[in-house]
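Q: 3D, please:
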Amino acid sequence: MSGLRPVAGRKSRLPGLHRLLRDGLHRGSQVLCATPEHTVAAAIAVQRMEGVPDPLTGRTKSMAAVERHERPLLLERNHGIGEPGVQEPARAQVDPRVTQEPVLRQTRVGTGPLDLDPKCATLCRNAQRPRKGNRMPDPIDLHYWPTPNGWKVTIALEEMNLPYALHLVDIGKGDQFDPDFLKLSPNNRMPAIIDPDGPDGHPISIFESGAILQYLGRKTGKFYGSTDRDRIVIDQWLMWQMGGVGPMAGQAHHFLRYAPERTPPQVLPYAQDRYRNEVGRLYSVLNTRLQDNQFVAGDYSIADMAIWPWAQNWEGQEQAIDDKPHFARWLDEVGSRPAVIRGKAVADEVRNREQSPEEREASDRILFEQKG
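A: Numbers count the residues shown, from 1 in each chain. Presented below is the predicted three-dimensional model:
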């Protein structure tokens, strides 16, 4: 807690923070603050809390015990995100060794690797987020795994400064087929969200990454144009990604990387050439579009957030970009945005974790041999 100095005689300028911390600790939330003022206010609120119930046992324990054993991420930061000399924000740490807890289960607060259920880590971002009236909005529940489709939504949430609770859906272990998750996403694909403050103030669940981006754009009024004409252009390029870049790049990656590593190896030159060439064609279209536009739809938008997570892996799709200078410039410009960096980093600890040959084979069966 170095650097946290409560300000005597001064009320917090963050209405509802005490309630959020209290409820968050009870639910297992991990709270991040991005400015010194927010961190100080949060520290004051935490120090005033007493008798926090243990979410696993129901027993009441002192705030000192919470601070000693279950310190929220909130107290790990006391600088603004993006300030010079500041390290990237703290992230939930997930222990890949803990694998047996059911999906969508809330967990206790913690920053150590053994304190978090890898299938339901919780991450709430407080700083500079929109207010609803005189209180902070409730976090959006994001059911997620670190893949290009998942990154679309974490990037959007970071860009829009929306608080969110992160629930890891381990697609390599089959969490996407859990009955509770299928209630949110009947197509057994992540990401999916639940917004407790949906239309008319009632909760709503949404699946499909493109639909989620449109919803968040409408909800916040950010990155989705200001006129119907703007939104038509954005929607065109969003659908171009959903129907073209995503599926084609995904197939290219599968036949170029995964299929040759199967047992027995599946090296299919026709499929490799087919999808490699189609991805190249799509990136040529994008390069032409970006010749006269800084971003895909003119201004930076949810269309860029949808395309970039797939396009940034152009090397894995065996593409060349030397002949696509506008595409290369756009990749760098979008990829250097602080919110994009943060969004792509969410749960990156579990993305490339080591697997035994048996675990890899079981994961491949789940991912590539689904029949219904």
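
Q: Helices along the chain, start to end?
A: 17-27, 36-48, 63-69, 148-159, 179-184, 209-220, 228-240, 246-253, 269-290, 302-311, 325-335, 338-345, 357-368 (DSSP state H).

Q: Out of those, which gets nearest to Pro191?
A: Evaluated over the helices of the chain, closeness to Pro191 peaks at helix 148-159, with 4.7 Å, by Cβ to Cβ. All C-beta atoms are positioned from the backbone trio N, CA, C, and that covers glycine.

Q: What average pLDDT does the closest one get?
A: For helix 148-159, mean pLDDT rounds to 98.

Q: Not counting its own residues, what contacts that helix?
A: With Cβ atoms under 8 Å, 6 or more residues apart in numbering as the test, helix 148-159 has contacts from 125, 140, 142, 144, 164, 189-191, 193, 209, 212-213, 216-217, 222-223, 246, 249-250, 302, 305-306, 308-310, 313, 337, 339-340, 342-344, 346.

Q: Any quick ChimeraX command for the buried ones out of those?
A: Here is the ChimeraX selection string for the buried members of those, based on 16 or more other Cβ atoms under 10 Å:
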select :125,140,142,144,164,190,191,193,209,212,213,216,217,222,223,246,249,250,302,305,306,308,309,310,337,339,340,342,343,344,346
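
Q: which stretches of the stretch 51-200 of the chain aren't confidently modelled?
A: The stretch 51-200 of the chain contains residues with pLDDT under 70 at 51-136.

Q: if we go to 50?
A: Counting by pLDDT under 50, the stretch 51-200 of the chain shows low-confidence ranges at 51-129.

Q: got the contact list for Ile212?
A: Contact analysis of Ile212 by Cβ under 8 Å, 6+ apart lists 152-153, 156, 191-193, 206.

Q: Pipe those residues into JSON lines and attach distance to Leu256 per row.
A: Converted to JSON lines, the contacts of Ile212 look like this (distance: Cβ to Cβ, whole Å):
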{"residue": "Lys152", "distance to Leu256": "22"}
{"residue": "Val153", "distance to Leu256": "26"}
{"residue": "Ala156", "distance to Leu256": "28"}
{"residue": "Pro191", "distance to Leu256": "24"}
{"residue": "Ala192", "distance to Leu256": "28"}
{"residue": "Ile193", "distance to Leu256": "31"}
{"residue": "Ile206", "distance to Leu256": "32"}
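
Q: what's the closest of the residues you listed to Gln272?
A: Among the contacts of Ile212, and counting by Cβ to Cβ, the member closest to Gln272 is Lys152, at 25.8 Å.

Q: What is the neighbour count of the closest one?
A: For Lys152, the neighbour count with other Cβ atoms under 10 Å is 27.

Q: Spatially, what comes nearest to it if we skip its sequence neighbours?
A: In this structure, Lys152 finds its nearest non-sequential neighbour in Ser209, 4.7 Å apart by Cβ to Cβ, 6 or more residues apart in numbering.

Q: Break the chain into its domains for me.
A: Following automatic domain parsing, one gets these domains for the chain: 17-220, 228-336.

Q: Packed most tightly, which of the helices of the chain would that be?
A: Across the helices of the chain, averaging neighbours per residue (mean count of other Cβ atoms under 10 Å) puts helix 302-311 on top, at a mean of 28.

Q: That one vs helix 246-253, what angle?
A: 10 degrees (axes from the mean of the first three to the mean of the last three Cα atoms, to 10 degrees).

Q: picking up where we left off before, farthest pair in the contacts of Ile212?
A: Comparing every pair within these by Cβ to Cβ identifies Ala156 and Ala192 as the most remote, at 13.9 Å.

Q: And Pro191, how far from Arg289?
A: 26 Å (Cβ to Cβ, to the nearest Å).

Q: cool, and His253?
A: His253 is 23 Å from Arg289, where distance means Cβ to Cβ.

Q: ditto for Gln355
A: As judged by Cβ to Cβ, Gln355 and Arg289 stand 39 Å apart.

Q: ends of stretch 187-203, how far apart?
A: 20 Å (Cα to Cα, to the nearest Å).

Q: That stretch: which residues count as buried?
A: 188, 190-195, 198.

Q: and the two most separated of the residues you listed?
A: Every pair of the buried residues of stretch 187-203 checked by Cβ to Cβ; the farthest is Asn188 and Gly198, at 22.6 Å.

Q: Was I right to think Met160 contacts Arg218?
A: No. Here Met160 does not reach Arg218: they are 11.2 Å apart, not a contact under Cβ atoms under 8 Å.

Q: what sits in contact with each of these two?
A: Here Met160 and Arg218 have no joint contacts, going by Cβ under 8 Å, 6+ apart.
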